[in-house]
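Engineer: Sequence and predicted model, in that order:
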Amino acid sequence: MINYETFTLDNGLKVIVNHDKSTPLVAVNILYNAGAKNENENKTGLAHLFEHLMFGGSKNYPQYDAAVENMCGESNAFTNNDYTNYYLLVPSNCLEYALKIEADRMKNLTLTKKKLNVQKNVVIEEFKQRYLNQPYGDLWQKIRYLTYENHPYKWQTIGKDISHIEQITLEDVRAFYNKFYSTSNAILSISGNLNDKLEIYTLLNKIFLIPNNSVVQREKFHVEKWKKNKTETIIADVPVSLIVIAFQMCNRIDSEYYTYDLLSDIFSNGKSSRLYNSLVVEKQLFTEINACITGDEDEGLFIIMGKYQNNVSIEKGENAIWHELNLFIESNISDNELQKVKNKNESNLTFSNLKALDKAMNLAYFTHIGDTERINKEMDLYNAVTAQKIKDIAKKMFSKNNVCTLYYIAKNK
């Protein structure tokens, strides 16, 4: 059980505090409701680029990294399609200084043309290295284009195209900052060796004296249901051919999410899982095969992805996967098989909430999706999933009317 306290400052900043006297550290985490899906489709990559710009210094702390090093701390951030998250981990006696740094870059970030050009070059190089110049680098981009025709999940966090990043102007990033980096659009979570609530509340009211200049209404996006089987074939210079079979599933907030998650684990969590045992070990059709879920804020994807053995036809491998899916619907799930994946989830959940930083990040995330207390409910929600629920979800999902298939074919194979 993770104990926490919540309150909201007058300027709209949501705060969650977790006291943990077992550590000498304190984690300061700020989540902004500003992800790639909040961008204009013709000007993507802003959210991720802005993450880089946030480390460029602010009015009172012109060298952000140096300020963190002075505290013997560490910091980082990540952006996804739904939000952007920043964190600091510092000795507990540096909490006030850490909060001042975060408040200053929320209010007084230094944005110049020179800083923008430097970070644009960094992101463009990242785009080339990770998504253009390595085998399967554009795979997830292709998956998104195929599965999200009219939803902003169809572009990657880094952006739809390098040209979008190249064309971002100083006015663009200033407008993005002024709109999204406001107190009412942020969640501040603190976990670690802290003083009592009153002292923290007083400290925050003193430091985060930031006017709420922008009230952002969270947009609701609709993921259209697929009406027919969609396919795409890519011929590329890659070592082996690969197949992606994607199904639509619920969003991260839905109670059925936990059923989908356990179903994906039954299929591919470990070498004793169903797909690995049958298609890699016994039939030797694939060198590796996995099932995963995206777990997005809006409706997500249940994905099966396999890399072929040489000389195995695409059709033979695809038919074998569908055979396994249909066999699963018709067969029973043993108590042992279900308990095994539940035990793995329990272990992962326990370890994911041990450290102050993990707790701070998780508290901010669950607050973001509208249910802070879910941090303490997840174990029960997984344990409530029955074998019958999993079979019902599988029967509903594994349909030729609810599938997109991507064939990523190795050239000359």
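Structural biologist: Sure, I can see it.
Engineer: mind listing what's buried in the helix or strand of the chain with the lowest mean pLDDT?
Structural biologist: Here the helix or strand of the chain ranked lowest by mean pLDDT, DSSP states H and E is helix 197-207, holding a mean of 89. Using 16 or more other Cβ atoms under 10 Å as the test for burial, helix 197-207 gives 200, 203-204, 207. The C-beta positions use only the backbone N, C-alpha and C, and glycine is treated the same way.
Engineer: what's the answer for stretch 312-327, then?
Structural biologist: Neighbour counts over stretch 312-327 (16+ other Cβ under 10 Å) mark 312, 314, 317-318, 320-321, 324-325 as buried.
Engineer: How about stretch 4-12?
Structural biologist: 4, 9, 11.
Engineer: The second one: what's it in contact with?
Structural biologist: Okay, so that is L9. 15, 183, 204-205, 208 (Cβ atoms under 8 Å, 6 or more residues apart in numbering).
Engineer: What score does it have for pLDDT?
Structural biologist: On pLDDT, L9 comes in at 95.
Engineer: distance of it from I210?
Structural biologist: 9 Å (Cβ to Cβ, to the nearest Å).
Engineer: quick one: secondary structure of L327?
Structural biologist: At L327, secondary structure determined by DSSP: H, G, I helix; E, B strand; the rest coil is helix.
Engineer: Need the pLDDT of it.
Structural biologist: For L327, the model assigns a pLDDT of 95.
Engineer: Please verify my assumption that A246 contacts L406.
Structural biologist: Yes: judged on Cβ atoms under 8 Å, A246 makes contact with L406 at a distance of 7.4 Å.
Engineer: which residues are in contact with both of the two?
Structural biologist: With Cβ under 8 Å, 6+ apart, A246 and L406 have common neighbours 143, 146.
Engineer: Could you give the number of residues near the closest residue to L357 other than its chain neighbours?
Structural biologist: Once flanking residues are discounted, L357 sits nearest to A27: 4.1 Å by Cβ to Cβ, 6 or more residues apart in numbering. Number of residues near A27 (other Cβ atoms under 10 Å) recorded here: 27.
Engineer: wait, L170 sits on K115?
Structural biologist: No: counting by Cβ under 8 Å, L170 stays clear of K115, with 9.2 Å between them.
Engineer: And those two? Which one has more around it.
Structural biologist: Between L170 and K115, counted using other Cβ under 10 Å, the more crowded position is K115 (18 against 14).
Engineer: Where does the prediction get shaky in the stretch 251-400 of the chain?
Structural biologist: By pLDDT under 70, the stretch 251-400 of the chain has no low-scoring segment.
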